[in-house]
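In: Could you look at this predicted model? Sequence included:
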Amino acid sequence: MGYCGSVRRWLVVPIICLVLLFVAEAQANDVVLPLTSEQAITVCQFEQFRDELPDFNEPECKSLQFRDVDPQHQSLWLLITFDQQPSWQYLQPPYGLYLFGKAASSVYFNGQLLGSNGMPGTPDSEVAGQMDTVFYLPEPLVRDRANQLVIHLSGHHSVLPLNAPMHFIGIGQFGDAKRFLQRLSKWGLVLVGAFVVGALFFCMLSFGPNGQPSHRLFAVLCLLAAIQLSTEVARGLISYSYPWHDIRLLVVTGCSVIFGMLLLLYSSLKVASGQAIHWIYGGLLCTLAVVLYAPGFDAKTTAGVFVPLLISSLQLLLYWRVSKHRATLRWFLVQLAIVITIVVNTPGFHEIIHFSIIAVLLCYLFIQQANEHRAQLQQLQHDQARIAKLEYKLSESAQSNSPAKLEISVAGRTEYIDTTSIAYCKAAGDYVELYLTNLDERLYSGSLKQLEEMLPSTFLRVHRSYLVNLHEVVALDSKPSKERSGVLLRLAQEQRVPVSRRLLPAVRDSLKQTLV
């Protein structure tokens, strides 16, 4: 019950996170206006590196869309001509020119250098610029018509060839460029914290007395989700040079693939038993094939978790058709709902919705595991009760067939009495008083603890000063008598033995197991 309660309390964190995400999105009202939504721009690529402004009439110049500009491992000059638009009325000075992409850059506006992000150059001379940057744009430089923006780009430090290395160019109020990136990134840290707490919780649980392999698996899943999400939202939180963007994409995609495969591993071990290895390596081959051939890292990241989840759902469906287990059907329906959500939201799945869905899936698996753990504990307690009852019956049978003898020294002579003839024992200083079934009494020289170790399992400690032969118990009386208050055991010869309140639950259980 404690484990189940801890899991449910931990689930409150993702719920609060989702509420905060919607609040943050509603409050995001800062705007930046794109300069090249559908506008063609002039792009020049020269065989020899040039650091002076071209006139953009050379044969090497051509017209492209901004999304098709590719400065990776080359140097480019861009010319964008534009007029002020009515939407500029929503902008408040001072203005800033925002440029997001994998390149070092130098920017000229109406013939004046605004600044450089890194330093465009040859493979040897280039200084890598920031992935996302802003240039201060003096208001007097802006004309109503025919503004000319010239940008020199180079991306010789690129690690991975991306299909669209240049992401955005636009004008907004001057400020931190990161505020326009991943507007929910700060709230994504709430989910990161929840995943980290989950990883620590299951890590500690795995090293406890009831630790299971699934606890370690859940700890790794939470840790992977925390690493992937923190890497994903890093662009909106910290500034980094553009080569690190490629490393970031590799980490995010790698974590997605490992996470998806661990989900498939978990379901395979739970339901596929002897066929688990075939599901695992088959799922791995399918996942790697789709990830390698998927266009773009957003699609690769989505495929990394989608393909194993789809295979796991098929696996659960097949197993349910054989077993008709209701828990398996619920598990399948939850994963099917997530698969459908991924298909519907594929364009934006790699963003915050990805991790919100992952949190929901992990929450369901945690609750399912907690319920299974509780059922296992209940079964274990039931089995232990049956074993204890069997041991008592065996001990009772052995006592009947061959009663154990207890040696007692009295006035220089040794006496041997059958343990079956002892009704109960009472501590009396350095001695123990033995009360027999025929109402006689004897004195044992030793402590009650020593005597407890010598007597068979048919004797039970019911009080710090009393041992009782369970075979002699006929009733448990909770009504106070004139001599004593509290709970008493009534024996066959109408003898009364007090029961400690601390030991009362254990006494009740023992009586149920041995006398019922």
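Out: Ah, there it is.
In: Was I right to think Cys35 contacts Ile171?
Out: Cys isn't right for residue 35; it's Leu. Yes. Between Leu35 and Ile171 a contact is recorded at 6.5 Å, counting by CB atoms under 8 Å. Placement of C-beta: from N, CA and C, glycine included.
In: More neighbours: which of those two?
Out: Ile171 (24 against 20; other CB atoms under 10 Å).
In: List the contacts of the more buried one.
Out: For Ile171, the contacting residues are Val32, Leu33, Leu35, Trp88, Leu91, Tyr95, Gly96, Leu97, Tyr98, Leu137, by CB atoms under 8 Å, 6 or more residues apart in numbering.
In: what bridges to the second one?
Out: In other words, Leu33. Beta-bridge partners for Leu33, by DSSP bridges, are Ile171.
In: and Tyr136, what is it in contact with?
Out: Residues in contact with Tyr136 (CB under 8 Å, 6+ apart) are Pro94, Tyr95, Gly96, Leu114, Gly115, Phe174.
In: Just the buried subset of the residues you listed, written out for PyMOL, thanks.
Out: Entered in PyMOL, the line below selects the buried ones among the contacts of Tyr136, by 16 or more other CB atoms under 10 Å:
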select buried, resi 95+96+114+174
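In: In a markdown table, list the contacts of Tyr136 along with distance to Phe180.
Out: Below are those laid out as a markdown table (distance: CB to CB, whole Å):
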| residue | distance to Phe180 |
| --- | --- |
| Pro94 | 16 |
| Tyr95 | 14 |
| Gly96 | 10 |
| Leu114 | 18 |
| Gly115 | 18 |
| Phe174 | 12 |
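In: Looking at the contacts of Tyr136, which are in strands?
Out: Tyr95, Gly96, Leu114, Gly115 (DSSP state E).
In: Tell me where the stretch 301-450 of the chain has strands.
Out: Remark: strands assigned in the stretch 301-450 of the chain by DSSP state E, counting those that start in this stretch are 405-410, 413-418, 422-428, 431-436, 441-445.
In: Likewise for the stretch 101-250 of the chain?
Out: Secondary structure of the stretch 101-250 of the chain (DSSP E, counting those that start in this stretch): strands at 104-109, 112-117, 132-137, 147-154, 166-173.
In: Can you check what angle separates the first one from strand 132-137?
Out: Just to be clear, that refers to strand 104-109. In terms of direction (axes from the mean of the first three to the mean of the last three CA atoms, to 10 degrees), strand 104-109 departs from strand 132-137 by 20 degrees.
In: chain center to strand 104-109: distance?
Out: The chain centre lies 44 Å from the centre of strand 104-109; the measure is CA atoms, centre = their mean, to the nearest Å.
In: ok, now the third one?
Out: Centroid separation for strand 132-137 versus its chain: 38 Å, with CA atoms, centre = their mean.
In: could we number from 413 for the rest of this?
Out: Shifting the count to begin at 413 puts that one at strand 544-549.
In: Strand partners (parallel or antiparallel) of it?
Out: Each strand paired with strand 544-549, and its direction, by DSSP bridges: strand 507-513 (antiparallel).
In: can you list the contacts of Tyr548 in JSON lines and add pLDDT?
Out: Compiled in JSON lines, these are given as follows (pLDDT from 0 to 100):
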{"residue": "Pro506", "pLDDT": "91"}
{"residue": "Tyr507", "pLDDT": "92"}
{"residue": "Gly508", "pLDDT": "94"}
{"residue": "Leu526", "pLDDT": "95"}
{"residue": "Gly527", "pLDDT": "95"}
{"residue": "Phe586", "pLDDT": "92"}
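In: quick check, nearest of the contacts of Tyr548 to Ser680?
Out: Closest approach between the contacts of Tyr548 and Ser680, by CB to CB: Gly508, at 52.1 Å.
In: Let me see the contact set for that closest one.
Out: Counted by CB under 8 Å, 6+ apart, Gly508 has contacts Val546, Phe547, Tyr548, Leu549, Ile583, Gly584, Gln585, Phe586, Gly587.
In: one more time with 7 Å
Out: By CB atoms under 7 Å, 6 or more residues apart in numbering, the contact set of Gly508 is Val546, Phe547, Tyr548, Leu549, Gly584, Gln585, Phe586, Gly587.
In: Same question for Gln484.
Out: Residues in contact with Gln484 (CB under 7 Å, 6+ apart) are Lys514, Gly567, Ser570, Pro573, Pro577.
In: now do Val562
Out: Counting by CB under 7 Å, 6+ apart, Val562 has contacts Leu465, Trp489, Leu490, Leu491, Tyr520.
In: same question for stretch 442-462, mean pLDDT?
Out: For stretch 442-462, mean pLDDT is 83.
In: Now do the buried residues in that stretch.
Out: Neighbour counts using 16+ other CB under 10 Å place Val444, Leu447, Thr448, Ile453, Thr454, Val455, Cys456 of stretch 442-462 among the buried residues.
In: End to end on it, go ahead and measure it.
Out: Using CA to CA, to the nearest Å, the end-to-end distance of stretch 442-462 comes out at 37 Å.
In: how about the nearest residue to Val444, chain neighbours excluded?
Out: Gly584 (3.3 Å; CB to CB, 6 or more residues apart in numbering).
In: Which neighbouring residues are in contact with Ala638, exactly?
Out: Each residue near Ala638 by CB under 7 Å, 6+ apart is listed here: Val604, Phe607, Val608, Ala611.
In: Next one: it from Leu476, what distance?
Out: With distances taken as CB to CB, to the nearest Å, Ala638 is found 40 Å from Leu476.
In: go on, Asp852?
Out: Distance from Asp852 to Leu476, by CB to CB: 111 Å.
In: Neighbour count for these two, which is higher?
Out: Ranked by neighbour count (other CB under 10 Å), Asp852 and Leu476 place Leu476 first, with 16 against 10.
In: Let me know the secondary structure of the closest residue to that one other than its chain neighbours.
Out: In this structure, Leu476 finds its nearest non-sequential neighbour in Val455, 4.9 Å apart by CB to CB, 6+ apart. Look at Val455: counting by DSSP: H, G, I helix; E, B strand; the rest coil, its state is strand.
In: Show me what Val455 bridges to in the sheet.
Out: Val455 has these beta-bridge partners by DSSP bridges: Lys474, Leu490.
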